[in-house]
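Chemist: the amino acid sequence is not available; the structure is as follows:
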C-alpha cells in the first residue's frame with residue numbers, strides 16, 4: 001500500500017495505490033486519507049515515489065497533451081457508480097457532457113444519483129469527472145470549481161460565458 005504525490009501546476013496531486021492499482025487520486029489529501037482509512041482500515045500506506053510511467057503521463061497531461069490514462073485501477077464503489085464512472089471515462093480529452101446525458105446513456109432519469117456518483121469518483125483526472133457539466137451551469141467538482149475550470153482550460157475547452165461565473 002503506497003501513497004505518492006505529483007507536484008502539478010494546480011498544486012499537489014495525491015495518489016494512493018493498493019497492490020500497484022490506483023484506488024484514489026485527488027488534489028485533496030485529507031479526502032484521500034479518509035477514503036483509504038474507510039476502505040482499508042487495517043492497512044498502512046507508506047509514502048513512495050510515483051512510478052516513472054505515471055509521472056510521465058501526468059506531466060504530459062498537465063502540459064496540455066492528450067493522454068489516455070491506461071493505468072490499473074481498483075474502483076471501490078457501487079455497481080451504479082462504476083457504470084457512471086465507465087461513462088465518464090469515455091468522454092474524450094477536450095470534450096464535455098452533462099449529468100443528464102450520462103443518465104440518458106445509462107437509461108435512467110435519476111440525474112441527481114448520477115451527479116452523486118460523479119462526485120464520488122475516487123480517481124479524479126484519471127476518470128475525468130471535470131468534463132461533466134450541469135445542463136445550465138458548470139456543475140460541481142470535488143477539487144473546487146476553479147480547479148475544474150483550469151482542467152477544462154488545460155484541455156482547450158471553451159466554456160459558454162454563463163459558465164464562467
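Modeler: Now that the structure is in, tell me what you want to look at. Given the structure is predicted, the values throughout are model-derived calculations rather than measurements.
Chemist: skipping adjacent residues, who's closest to residue 60 in space?
Modeler: residue 67 (5.1 Å; CB to CB, 6 or more residues apart in numbering). In short, each C-beta sits where N, CA and C put it, glycine included.
Chemist: any idea of the pLDDT on the one you found?
Modeler: Note for residue 67: predicted pLDDT of 92.
Chemist: now it: which helix or strand?
Modeler: For residue 67, there is no enclosing helix or strand under DSSP states H and E.
Chemist: what about it, how many residues nearby?
Modeler: 17 (other CB atoms under 10 Å).
Chemist: surely it meets residue 93?
Modeler: Yes: with contacts defined as CB atoms under 8 Å, residue 67 counts as touching residue 93 at a distance of 7.2 Å.
Chemist: how about low-confidence regions in the protein?
Modeler: 160-165 (pLDDT under 70).
Chemist: could you look up the SS state of the residue with the largest distance to the centre of it?
Modeler: Taking CA atoms, centre = their mean, the residue of the chain most remote from its mean C-alpha position is residue 42, at 25.5 Å. Three-state call for residue 42 (DSSP: H, G, I helix; E, B strand; the rest coil): coil.
Chemist: mind checking how far it is from residue 18?
Modeler: 12 Å (CB to CB, to the nearest Å).
Chemist: residues contacting the residue nearest to residue 60?
Modeler: 57, 60-61, 93 (CB atoms under 8 Å, 6 or more residues apart in numbering).
Chemist: now with 10 Å?
Modeler: Contacts for residue 67 (CB atoms under 10 Å, 6 or more residues apart in numbering) come out as 56-61, 93, 125-126.
Chemist: of those, buried ones?
Modeler: For those, a burial check counting by 16 or more other CB atoms under 10 Å picks out 57-58, 61, 93, 125-126.
Chemist: of all those, which comes closest to residue 148?
Modeler: residue 125 (10.8 Å; CB to CB).
Chemist: three-state assignment of the closest one?
Modeler: Using three-state DSSP, the structure places residue 125 in coil.
Chemist: excluding residues flanking it in the chain, which one is nearest it?
Modeler: residue 25 (6.2 Å).
Chemist: doesn't the one you found fall inside a strand?
Modeler: Yes: counting by three-state DSSP, residue 25 is located in a strand.
Chemist: give the contact list for it.
Modeler: Residue 25 neighbours (CB under 10 Å, 6+ apart): 4, 6, 13-17, 32, 54, 58, 69, 71, 73, 121-127.
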